[in-house]
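Colleague: Structure for this input, please:
(chains A and B)
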There are 2 protein chains.
Amino acid sequence: MVDLYHAEPAANSLKTLIAIHEKGVPFTSRYVNLHNFEQHEPWFVKINPNGQVPVLVHDGKVITESTVINEYLDEAFEGPPLRPADPYGRARMRVWTKFVDEYFCPALSFIGWHYMIRHITDKLTPEEFEAKVARIPLKEQQDKWRAAAKQAYTQEQLDNWRRQVRVSIERMEKQLAETRWLAGEAFTLADVSCYAMAGSMPSRYGDIMNEKVTPHVMDWHARMSERPGVKAALAMPTPPSVREIFDAVRQAMSSGA
Amino acid sequence: MVDLYHAEPAANSLKTLIAIHEKGVPFTSRYVNLHNFEQHEPWFVKINPNGQVPVLVHDGKVITESTVINEYLDEAFEGPPLRPADPYGRARMRVWTKFVDEYFCPALSFIGWHYMIRHITDKLTPEEFEAKVARIPLKEQQDKWRAAAKQAYTQEQLDNWRRQVRVSIERMEKQLAETRWLAGEAFTLADVSCYAMAGSMPSRYGDIMNEKVTPHVMDWHARMSERPGVKAALAMPTPPSVREIFDAVRQAMSSGA
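Modeller: Residues are numbered from 1 along each chain as shown, chains lettered A, B, ... in the order given. The predicted structure follows:
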């Protein structure tokens, strides 16, 4: 019995959706609508006290953190290996998944929130918003929501996160000029982690990721996008209300608004 | 052939020194003096372009990132297992090691730098300091050094990092009230990661970690400190000049200066 609690196929939810489809593990999809703050509702916080998706529940065992979930999926289930067979290969893979978690993902996430939050808050009164925020278990997440809602990020902060996004893609380009996949000659969870972040970047960060400046990343992106597991993950439902927000953000980012 | 590049037995260097001693892997110790900025010297940046310790070199293969190194040590060498035998146990362990890397360690590190940097900079002219900083490969590390040197951290930032240290210890206390070790009933890399951070806390953060408020953490701390691998790691040399700085920092922190 496998239940995966996840949001639409983007960022950390996409990371786990790709792994579970690539591995071919049958699972029950439990969609959690982040835009309605469902991850902070009491029923969900009982499952993950941090109030975050994705969460995997396997025979009653609760596993949190997308990167941890992905290694678990590879260790606990039959199916094609998602990690190199040798310790050194796995170490190289983990340097990438760690880099995504500590550097690439936070940078993208802060920028994303900056553009997205207005579409969430404009449906709520300040009191309603504060009531939603007060329910968030992690103080760091509360701070992030409040700062984003006030559009308190400075241009210097936004520029710095954008620089970090660029550094991340440049690092991928350098690696992919040397090896076919990020951790060597085989597809691994390093590719899954990076694609979960970079998959939608051509439409949002076209100046950073394109055929001219990052040809190897674009070739890798095309190979990734053709994988059945990636296609299946991306085909997971996105509610129309969420899709509308994503479209508005994409438009705002590409016009620099 | 195993070479471990490391600083004195504290924080991330201690993390890897404990693992390598617990595992019983014979190695050549390569001490890198961070207080003399050796990790940014060209010979070292050739080994790790990020200019950071620890680094493991095994038969010519370079492995960076202490958490990645520790899993590698357990996978690549004979010796007592440092990770649970089952996937769920390993997932629980990795939630801890990840928490240390993303939350506990950064909080301690910013506070540590705030108190330590003056002992490094007071031996240098501003020009000499800037020349040292300009050599640091990672912009984030450059920013951190410059901000710390200017004592630019606000009381609000320092208070917030202190709160995060407290949250980390409370989280450990809660777990250790339920299980003997952090990832269950066996000693694992989760304990290694946490001890690398919390090991010296009783003398620096006596208000947060003591017999009264965190009895289970103190019991765990005593059991950890008695392990031969931990003892051997802590016995690795600390140069007198570095020990002097550590003593001054400990004194400043315990007096709240």
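Colleague: now the strands for chain A?
Modeller: Assignment of strands within chain A using DSSP state E yields the ranges A:2-6, A:28-31, A:55-58, A:61-64.
Colleague: Not counting the second one itself, show me its contacts.
Modeller: Contact partners of strand A:28-31, identified using C-beta atoms under 8 Å, 6 or more residues apart in numbering or on different chains, comprise A:Met1, A:Val2, A:Asp3, A:Leu4, A:Tyr5, A:His6, A:Ala7, A:Glu8, A:Met236, A:Pro237. C-beta coordinates here come from the backbone N, C-alpha and C atoms, glycine included.
Colleague: Check the spacing between the second one and chain B real quick.
Modeller: Yep, that's A:Val2 we're talking about. 13 Å (C-beta to the nearest C-beta, to the nearest Å).
Colleague: you'd agree that residue is up against A:Lys61?
Modeller: No. Taking C-beta atoms under 8 Å as the definition, A:Val2 is not a contact partner of A:Lys61, at 10.2 Å.
Colleague: what about the residue nearest to A:Ala186 when sequence neighbours are not counted, distance to B:Gly89?
Modeller: Take A:Ala186 and drop its neighbours on the chain: the residue closest to it by C-beta to C-beta, 6 or more residues apart in numbering or on different chains is A:Pro84, 6.3 Å away. Separation of A:Pro84 from B:Gly89 (C-beta to C-beta, to the nearest Å): 22 Å.
Colleague: if we can go back for a sec, out of the contacts of strand A:28-31, what pair is the most spread apart?
Modeller: Pairwise distances across those peak at 23.7 Å for A:Met1 and A:Glu8 (criterion: C-beta to C-beta).
Colleague: For chain A, which residues are neighbours of chain B?
Modeller: Applying C-beta under 8 Å from any C-beta of the partner chain, we find that chain A lies next to chain B at A:58, A:61, A:63-65, A:67-69, A:71-72, A:75-76, A:87-88, A:90-91, A:94-95, A:98, A:101-102, A:139, A:163.
Colleague: List buried residues within the residues you listed.
Modeller: Buried subset of the residues of chain A next to chain B (neighbour count, 16 or more other C-beta atoms under 10 Å in any protein chain shown): A:58, A:63-65, A:67-69, A:71-72, A:76, A:87-88, A:90-91, A:94-95, A:98, A:101.
Colleague: quick one on the thing from earlier: neighbour count: A:Pro84 and B:Gly89, which is higher?
Modeller: For A:Pro84 versus B:Gly89, the count of surrounding residues by other C-beta atoms under 10 Å in any protein chain shown is larger for A:Pro84: 20 against 17.
Colleague: does that one really touch A:Leu189, like I thought?
Modeller: No. With contact defined as C-beta under 8 Å, A:Pro84 does not reach A:Leu189; the gap is 9.6 Å.
Colleague: Mind listing the shared neighbours of the two?
Modeller: A:Met93.
Colleague: Report all helices and strands that the longest helix along chain A contacts.
Modeller: For chain A, the helix with the greatest residue count under DSSP state H is helix A:155-176. Contacts defined by 3 or more C-beta pairs under 8 Å, 6 or more residues apart in numbering or on different chains; DSSP states H and E place helix A:155-176 against helix A:105-121, helix A:189-198, helix A:215-225.
Colleague: How about residues contacting that helix?
Modeller: Residues outside helix A:155-176 that contact it (C-beta under 8 Å, 6+ apart) are A:99-100, A:103-104, A:106-108, A:110-111, A:114, A:182, A:194, A:197-198, A:201, A:205, A:208-209, A:213-217, A:219-220, B:139.
Colleague: Next: stretch A:113-127.
Modeller: By C-beta under 8 Å, 6+ apart, stretch A:113-127 touches A:35, A:129, A:132, A:144-145, A:148-149, A:151, A:153, A:158, A:245, A:248-249, A:252-253.
Colleague: hmm, 10 Å instead?
Modeller: A:34-37, A:109, A:128-132, A:144-153, A:157-158, A:161, A:204, A:241-242, A:244-246, A:248-253, A:257 (C-beta atoms under 10 Å, 6 or more residues apart in numbering or on different chains).
Colleague: before we move on, what about stretch A:245-257?
Modeller: A:8, A:10, A:35, A:111-116, A:118-120, A:200, A:203-207, A:238-239.
Colleague: buried residues in it?
Modeller: A:Ile245, A:Phe246, A:Val249, A:Ala252, A:Met253.
Colleague: from these, which single one is nearest chain B?
Modeller: A:Met253 (23.1 Å; C-beta to the nearest C-beta).
Colleague: Look up how far B:Ile69 lies from the residue lying closest to A:Ala7 once chain neighbours are set aside.
Modeller: Leaving aside its chain neighbours, A:Ala7 sits nearest to A:Ser13 (4.4 Å; criterion: C-beta to C-beta, 6+ apart). Relative to B:Ile69, A:Ser13 is positioned 30 Å away (C-beta to C-beta).
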